[in-house]
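**Q** below is the sequence, then the predicted model.
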Amino acid sequence: MADRLTKGAIAVIFEGRIPKGPVALQLLDIYHIRDVPDDRYRLYVSDGQWTSSEVWLKITLNGMVTSGEITQYCIIEISQCALNENKSCMLIHGLRVLESGAAVGKKLGDPNFYYFNNVDMSPEARKVAKSVHQPPIPLTRGVLPDIFNGCIDIPVCLVLQVLSVTCYACEKPMRFRLTVSDGQWSNGSNISVMLDIRLNEMAVSKDIYPKCIIKFKRFTCGLLPIDAKVESFIEIIDLVVLQSSDDVGHIIGDPQDFNLDKRVKDTNTNAADAKPQYQPLPSLAQHHWVKAFKKRGIYIKEAKHGTEKHIWHNETKYE
């Protein structure tokens, strides 16, 4: 069935050369984006040679997902599509199903991830590009403090480590924790940087890998009071890989572990750099962060001796 895919189509489309005829792609995964004005579906697709997760379904086609017409591993034929202004996202306006996901049942071929900043994605050109030194894309230096100050929207960081983790009393779904660096600071063990489960495929396929450079397109963060301590977290909801680990290949700068506790000691204290919403909670179990954490596989429980967080266990390097 792999010969039914239009090999190289993803590179051609993202270069701005929209094919005149239909293009056949395989749908590897579907991500339901709920926290936007209208429900949207983001697609992870493959042409047998390249993959991309920067593909969105037009809202009028949402019914094809909700009805089960398009599912994981199905082969679709795109009849009409368009790119946004900076050619970073593709919007599908028209498609039909060539082969159902049940009939295909697996990923076809061994495609590689299409990186956002590549120009010529032919195999020959990629081999040449790897042999030529490409300076790393500049990181957003000092970004970790700025994230918690709400001063930055789209940070660029270097991935230092990818860990697969399992939560106590919650075997599935698997989660991925990242150690990232902005060139000056790293989150280390002081701040949990977690991938949204909708991005798991990017970690499993090693599109996100140590020493690659990523841009956070959407994320959430906050402070969570646990036993008179402040636990901090960042959850990446959407990202794009700007430069692969093959192109970067080394740690940038000399990043030090950033400790938010040095800046916010106690949620009862109105520190100069503490935000007003970080207030003591009458009941931790009712807090919206806790409810959100439970949905994402992180469990909080209250006991007589206070509150305690179920500890992540079975943490292993994912490489």
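**A** Sure, I can see it.

**Q** quick check: domain ranges of the protein?
**A** 2-121, 143-317 (automatic domain parsing).

**Q** just the helices in this structure please.
**A** With DSSP state H as the definition, the chain shows helices at residue ranges 9-14, 62-66, 101-104, 123-131, 143-149, 200-204, 245-248, 288-295.

**Q** lowest mean pLDDT across the domains of the chain, which one is that?
**A** Mean pLDDT is lowest for domain 143-317 among the domains of the chain, at a mean of 67.

**Q** could you give the number of residues near the nearest residue to R96 once chain neighbours are set aside?
**A** Using C-beta to C-beta, 6 or more residues apart in numbering and skipping the chain neighbours, the partner closest in space to R96 is E77 (5.3 Å). Heads up, the C-betas are built off the backbone N, CA and C, glycines and all. Neighbourhood size, E77 [other C-beta atoms under 10 Å]: 17.

**Q** how about D39?
**A** So D39, with other C-beta under 10 Å, has 13 neighbours.

**Q** repeat that for the one 5 residues further on.
**A** Other residues near Y44 come to 23 when the count uses other C-beta under 10 Å.

**Q** contacting residues for it?
**A** If a contact means C-beta atoms under 8 Å, 6 or more residues apart in numbering, then Y44 has 27-31, 51-53, 55, 201 as its contacts.

**Q** so it bridges to which residues?
**A** Bridge pairing for Y44 (DSSP bridges) gives the partners D29.

**Q** now D39, nearest residue through space, not along the chain?
**A** N62 is the one closest to D39 (C-beta to C-beta, 6+ apart), at 6.3 Å.

**Q** kindly apply the preceding question to M64 instead.
**A** Closest to M64 by C-beta to C-beta, 6+ apart is I70, at 4.8 Å.

**Q** and that neighbour, what are its phi and psi?
**A** Dihedral angles of I70 (phi, psi; degrees, to the nearest 10) stand at phi -110, psi 130.

**Q** now do the contacts for the residue nearest to D39.
**A** 39-41.

**Q** same question, L144
**A** Contacts of L144 (C-beta under 8 Å, 6+ apart): 182, 185-187, 191, 258.

**Q** in these, find the pair that's most separated.
**A** Put simply, by C-beta to C-beta the two of those set farthest apart are D182 and I191, 11.9 Å from each other.

**Q** tell me which of the two has more neighbours.
**A** D182 (25 against 22).

**Q** contacts only, for that one.
**A** 139-144, 155-158, 255.

**Q** strands - which of those residues land there?
**A** 156-158 (DSSP state E).

**Q** now do the strands in the stretch 101-250 of the chain.
**A** With strands called from DSSP state E, counting those that start in this stretch, the stretch 101-250 of the chain shows them at 112-113, 156-167, 170-181, 185-186, 191-195, 213-226, 229-243.

**Q** which residues are contacting the fifth one?
**A** Counting by C-beta under 8 Å, 6+ apart, strand 191-195 makes contact with 144, 175-180, 187, 202-203, 208, 231-236, 258, 260, 296, all of which sit outside it.

**Q** make it 7 Å
**A** 175-178, 180, 187, 203, 232-236, 258, 260 (C-beta atoms under 7 Å, 6 or more residues apart in numbering).

**Q** for S100, state which of those residues is nearest.
**A** Using C-beta to C-beta, those come closest to S100 at A203, 27.2 Å.

**Q** about what we covered before: just the buried residues from the contacts of D182, in ChimeraX please.
**A** In ChimeraX, a selection of the buried entries from the contacts of D182 looks like this (16 or more other C-beta atoms under 10 Å):
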select :139,140,142,143,144,155,156,157,158,255
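
**Q** export the contacts of D182 to TSV and tack on distance to D3?
**A** Converted to TSV, the contacts of D182 look like this (distance: C-beta to C-beta, whole Å):
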residue	distance to D3
L139	42
T140	43
R141	47
G142	50
V143	45
L144	47
P155	41
V156	38
C157	39
L158	38
P255	46
